[in-house]
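In: quick one, structure for this:
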Amino acid sequence: MRNGTTVQEFILEGFPAVQHLGRLLFSLNLLAYLTSITGNVVIVSIVCTSAHLKSPMYFFLGVFSFAESCFTSAVIPKLLAIFLLGKQTISFVACFMQAFVTLFIGAFGFLLIAVMSVDRCVAICKPLHYPTIMDLRTCVLLIMASLAVTFTLITWLVVKVSQLSFCGPRLIPHFFCDLSPLIHLSCSDTRSAEALTFALALIILLSSLIITTIAYSNIVITIVRLPSAKERQKAFSTCSSHLMVLSLMYGSCVFIYVKPRQTSRLESNREAALVNTVFTPLLNPVIYTLRNKQVHQALRERLSRIKLSG
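Out: All right, here's what the predicted structure looks like:
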């Protein structure tokens, strides 16, 4: 921190228009949070223990579910405290730690989506070579590379913003510490920080989108060339859950950041971010398990083992 920083804590505004419904909103968000955590933990546990889910697709799914649990756990507990207790203050260090964790896991999620797209592309377009191309070593290297790139870029960004001077306003018009409203609270020149934020967001989102688009273009071309309708349906069904999750992630991101008018952006951003941090992680386990027979079988085996042990 520079000498010009005098702010020791910030105030998270939350949702002042509905704060009188704090207990009801606390109950609803707590229920959604616990359900989301339970669903993602169940997916991680069955991926780790089931012999039927040892393919790269389920390895990436387990990593994705674990990341979703960490993301919601970085945001929702503070939101619950705001709704139930009205505790809106957050220290300077805790605020930037929360900003780092949410940005790091969020950016990693987009790179992971791109990796999962490549995995599906290899599985459908080169099925005979799939076991040798996407072996365990390659999967781990892809995850480690995504984590390393994300950690480097987000650390650079958060350190850059934390070095700005904060000497005046403390009210963050959000329910968690996001870098954009934090930058606007600074009393120093923020042009370089804003440019870096925009550039890194563009790099992460565009690179992920380009890789995903290329992968699914090849998948569509391959599926169309399949001789029978049954084979085409089977090939598409392996990608349907991934496509739904991908649509939710990119859709919420576009809704938050791509707006023609900036005046009403903050309020709608809070609502969209609430959907993205509470309800999307709640839907993801349902989407990935709804039509997946192997996951259903692994769940049944897991439940039968629990009954026998009980």
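In: what's whichever strand or helix holds Leu80 packed up against?
Out: Per DSSP states H and E: Leu80 is located in helix 56-85. Counting contacts by 3 or more CB pairs under 8 Å, 6 or more residues apart in numbering; DSSP states H and E, helix 56-85 is packed against helix 22-49, helix 92-125, helix 136-162, helix 280-290. For the C-beta atoms, the positions are set from N, CA and C on the backbone; glycine is no exception.
In: out of the ones you listed, nearest to Val220?
Out: Closest of the helices and strands packed on helix 56-85 to Val220 is helix 92-125, at 9.7 Å (criterion: CB to CB).
In: now do the buried residues in that closest one.
Out: Residues of helix 92-125 classed as buried by neighbour count (16 or more other CB atoms under 10 Å): 92, 95-96, 98-125.
In: contacts only, for Ile219.
Out: Contacts here follow CB atoms under 8 Å, 6 or more residues apart in numbering; on that basis Ile219 touches 120-121, 124-125, 235, 239.
In: for Asn218, find the nearest of the helices and strands packed on helix 56-85.
Out: helix 92-125 (5.3 Å).
In: pull the distance from the closest one to the chain's centre.
Out: Averaging C-alpha positions (CA atoms, centre = their mean, to the nearest Å) puts helix 92-125 6 Å from its chain's average.
In: counting by contacts, list what it packs against.
Out: If contacts are counted by 3+ CB pairs under 8 Å, 6+ apart, helix 92-125 sits against strand 9-12, helix 56-85, helix 130-133, helix 136-162, helix 179-185, helix 191-224, helix 229-257.
In: 6 Å instead, please
Out: Secondary-structure packing of helix 92-125 (3 or more CB pairs under 6 Å, 6 or more residues apart in numbering; DSSP states H and E): helix 56-85, helix 130-133, helix 136-162, helix 191-224, helix 229-257.
In: which of these is buried the deepest?
Out: helix 56-85 (a mean of 20; mean count of other CB atoms under 10 Å).
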